[in-house]
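Student: Fold the following for me, if possible:
(chains A and B)
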Protein chains: 2
Amino acid sequence: MKDQDYMKIAYDQALLARDNDEVPIGAIIVKDDQIIASAFNKKELQNDVTAHAEMLAIREACQTLQTWHLEDCTLYTTLEPCIMCTGAIIQSRMKRVVFGARGQRWNGLTQYISQHDFNHYPDISGDILGTECSQLITNYFSDKRRK
Amino acid sequence: MKDQDYMKIAYDQALLARDNDEVPIGAIIVKDDQIIASAFNKKELQNDVTAHAEMLAIREACQTLQTWHLEDCTLYTTLEPCIMCTGAIIQSRMKRVVFGARGQRWNGLTQYISQHDFNHYPDISGDILGTECSQLITNYFSDKRRK
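Tutor: You can find the predicted model right below:
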């Protein structure tokens, strides 16, 4: 499958977040063309500040593979990872990160990687279904304000 | 209790990590002079790249308080938080962070805070029992290399 196809699956996870009244962000992790983890943002549902879609997917992938090394994995996420998720991505040695909408507030993945020197950092592709992923978040907050 | 007293309790958590063959880092979270969470690094035990002592303590505190807002809380950790834990700290709106040994590899809390502008960031105190906390980690890796 192509990046767009995998991102569409992450997007479907983001829709589940929206339907649960969470900020609509979804993520999946792929290894050898298999989806080994999928998650949506559950910060409110779980009362857990760490329960971002990417973090939940990373934790699930670690359990699936029974290791914290995710060298051969690709993370698809509908929003550019924040600095917390960036730390988890780098430390897991994730091979590749593909994101949809570009982050703005949290000085996330791309900025952090560009400013630091690591033994390992992932390949990054951004703006994959970026408009759709961004619009989903914008619509969510517009609806919130209207209510 | 004083910072040193709380840090000693975080240090005792770090000893539990060492006894479980984990990199010896411990953390506790205090609110209104009560310890509401305590944890040690379980990255290997749980096969989970996110299972740093600080992250586990933050997640426990969220469950204890049933909210992801930790505004009135202080995190004590034996090592300066990495960038992942820094992200969780900032997003939880933690009031204060007290750490033992200063971090070196991960461009952690103090560097990140100094370079960015946030609506909220925690008060930070470092080098509390710093020598003891640092020595514990150094000894752990020396023992590892000897074996």
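Student: ok, now which ones touch the residue nearest to residue A:77 when sequence neighbours are not counted?
Tutor: Excluding the flanking residues, the one nearest residue A:77 by C-beta to C-beta, 6 or more residues apart in numbering or on different chains is residue A:27, at 4.1 Å. From N, CA and C alone the C-beta is placed, and that goes for glycine too. Residue A:27 makes contact with A:10, A:13, A:37-40, A:53-54, A:56-57, A:75-78, according to C-beta atoms under 8 Å, 6 or more residues apart in numbering or on different chains.
Student: Let's have these in CSV, adding neighbour count, pLDDT and secondary structure.
Tutor: Shown next, in CSV, are the contacts of residue A:27 (neighbours: other C-beta atoms under 10 Å in any protein chain shown; pLDDT from 0 to 100; DSSP: H, G, I helix; E, B strand; the rest coil):
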residue, neighbour count, pLDDT, secondary structure
A:10, 32, 98, helix
A:13, 23, 98, helix
A:37, 22, 98, strand
A:38, 21, 98, strand
A:39, 26, 98, strand
A:40, 28, 98, strand
A:53, 31, 98, helix
A:54, 32, 98, helix
A:56, 23, 98, helix
A:57, 28, 98, helix
A:75, 30, 98, strand
A:76, 31, 98, strand
A:77, 30, 98, strand
A:78, 33, 98, strand
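Student: For these, name the two members farthest from one another.
Tutor: Using C-beta to C-beta, these span at most 14.7 Å, a distance reached by A:37 and A:78.
Student: ok, and the closest non-adjacent residue to residue A:100?
Tutor: residue A:133 (3.0 Å).
Student: Neighbours of that neighbour, how many?
Tutor: Residue A:133 has 26 neighbours, counted by other C-beta atoms under 10 Å in any protein chain shown.
Student: which ones are touching the residue nearest the centre of chain A?
Tutor: Nearest to the geometric centre of chain A sits residue A:77, at 3.0 Å (C-alpha atoms, centre = their mean). Applying C-beta under 8 Å, 6+ apart to residue A:77 gives the contacts A:10, A:25, A:26, A:27, A:53, A:54, A:57, A:85, A:97, A:98, A:99, A:100.
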